[in-house]
Structures are given as C-alpha cells and as structure tokens.
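Student: using only what follows, build the 3D model:
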Amino acid sequence: MVLTGGPGAGKTAVLEIVKRNFCRHVAVLPEAASIVFGGGFWRRDTVAARKAAQRAIFHVQRELERMVEEEKEAAVTLCDRGTVDGLAYWPGSQRSFQEDLDFRRERELARYYMVIHLRTPSLEQGYNNDNPVRIESADQAAEIDARIDHVWKGHPNRFFIESEQNFLEKARNAIELIRQDLPACCGIHPIQELVHG
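Tutor: Numbers count the residues shown, from 1 in each chain. Here you go, the predicted model:
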C-alpha cells in the first residue's frame, strides 16, 4: 500500500499513528526522501543534482520494499510514497526518467495494491513547512500534489483524502481505508490518538 500526496499532506503523521497502534503484521516504511536528505545528501537546485537525488530516492525506496518482501514477516507493507512518485519530482521528461532508472510505469503501478493520496492543504487549511527537509511554499506544494495526482493516474485502486480543518478527521479517514485491508488482528485496535483527539 502507498500513502502519497504533496508536501505537508500529513503522510508521516498518519504513518506514525499506524506504527504506534497497529501490530507487527503491518510494516511501515519510512519516506526514502527523508532518509536521503536527512542523511546529508546534497540538496541543490541544478538539474544534475535533482536527478541524482531522485535516483537515490528511487533506489532507497526499492530496497526498503525488497527488504520487507524478503523478510516475509509483514502481512501488509505501508509505504510513505512509492517509486512512481519520483516522476512528479524528476526535472526532465518521463522518457528520460524511464531510461535513467529502467522505470516501466505499468510495472511500477502494479507493485502497489492500493494508493491513498492525501491532499496537500492550502495555507488557509494549515499548510506549514516546520519539517526541516520541507522547502516548498504552499503554492509549490500544491503544484507537486497535482503532479503526483497525474503520475498515479491509471492505478485501479486509488483513493483521495481531502484536507480537513481538523487534521485528526483527515487521519481518521486515511486509517479507515488502511484498516479495510489489514489482517483481522490489526483492524480491531482502537487508535488512541483518534479516540482521545
């Protein structure tokens, strides 16, 4: 499963709630971009640097997914973005992305059973860039959100969660979608943040 959306959409917060409340059958993968940029990968604005960063993110994402698949301990893997997201950030054509990464869109879409797209909030709805690896303005975040919408088009099991004034309502909607495809033992846990929030 993939949780995607533009910067500031709440993906990481929803995944943190899932990690704290669901059992070991649900593997929650961290965001590859946060690993790359948080680990010191240079974040420059040149085309070469942006391509290098997206290649690194793509490979980290693939290896995280592969590790969980090969361990065979989780019934469900929940990804903070998927490999297809890289197309939305690539500073070139889809064709150059495909050639550079041996990326085949249909193959990559088929890797994921479900795609949940959390919409990026507007400035009025609470967009902020408190996250140290988030550099986008609200307008830039909205543009990225639209590109992410475009690159995932055609996935047969895609859902959208719109922004809410109350983030916990948005989180509740996302978690209910996730719960539908969990093993029975995972789906029964009350979500503390949503009960007490």
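Student: and the helices in this protein?
Tutor: Along the chain, the segments classed as helices by DSSP state H run 11-21, 32-38, 47-71, 86-89, 94-101, 105-110, 138-151, 167-179, 184-187, 192-196.
Student: which residue packs closest to Phe58, ignoring adjacent ones?
Tutor: Gly86 (5.0 Å; C-beta to C-beta, 6 or more residues apart in numbering). Every residue, glycine included, has its C-beta placed from N, CA and C.
Student: go through stretch 34-52 and flag the buried ones.
Tutor: The neighbour-count check on stretch 34-52 (16 or more other C-beta atoms under 10 Å) flags Ser34, Ile35, Val36, Phe37, Phe41, Arg50, Lys51 as buried.
Student: what's the answer for stretch 61-79, then?
Tutor: Applying a neighbour-count criterion of 16+ other C-beta under 10 Å, one finds Gln61, Arg62, Leu64, Glu65, Val68, Ala74, Val76, Thr77, Leu78, Cys79 buried in stretch 61-79.
Student: just the C-alphas of it, formatted as CSV.
Tutor: The C-alpha atoms that make up stretch 61-79 are tabulated as CSV, following Å, rounded to 0.1, in the frame of the first residue of the first chain:
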residue,chain,number,x,y,z
GLN,A,61,12.6,3.1,-1.8
ARG,A,62,13.1,-0.1,-3.9
GLU,A,63,15.5,-1.6,-1.3
LEU,A,64,13.2,-0.8,1.6
GLU,A,65,10.4,-2.6,-0.2
ARG,A,66,12.6,-5.5,-1.2
MET,A,67,13.9,-6.0,2.4
VAL,A,68,10.3,-6.3,3.8
GLU,A,69,9.3,-8.7,1.0
GLU,A,70,12.3,-10.9,1.6
GLU,A,71,11.9,-10.9,5.3
LYS,A,72,8.3,-12.3,4.9
GLU,A,73,7.2,-11.1,8.4
ALA,A,74,4.6,-8.5,7.5
ALA,A,75,1.2,-9.2,6.0
VAL,A,76,0.9,-5.6,4.8
THR,A,77,3.6,-3.1,3.8
LEU,A,78,2.6,0.6,4.1
CYS,A,79,4.9,2.9,2.1
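Student: who's in contact with it?
Tutor: With contact meaning C-beta atoms under 8 Å, 6 or more residues apart in numbering, stretch 61-79 is reached by 1-3, 15, 18, 24-30, 32, 81-83, 86, 111-112, 178, 181-183, 186.
Student: are any of these buried, and which?
Tutor: Judged by 16+ other C-beta under 10 Å, buried ones among those: 1-3, 15, 18, 26-30, 32, 81-83, 86, 112, 178, 182, 186.
Student: mind showing which ranges of the protein have poor pLDDT?
Tutor: Scanning the chain for pLDDT under 70 picks out the ranges 123-135, 185-197.
Student: report the central residue of it.
Tutor: For the chain, the residue nearest the mean C-alpha position is Arg81 (2.4 Å; C-alpha atoms, centre = their mean).
Student: what's near enough to touch it?
Tutor: For Arg81, the contacting residues are Val2, Leu3, Thr4, Lys11, Glu31, Ala32, Ala33, Gln61, taking C-beta under 8 Å, 6+ apart as the criterion.
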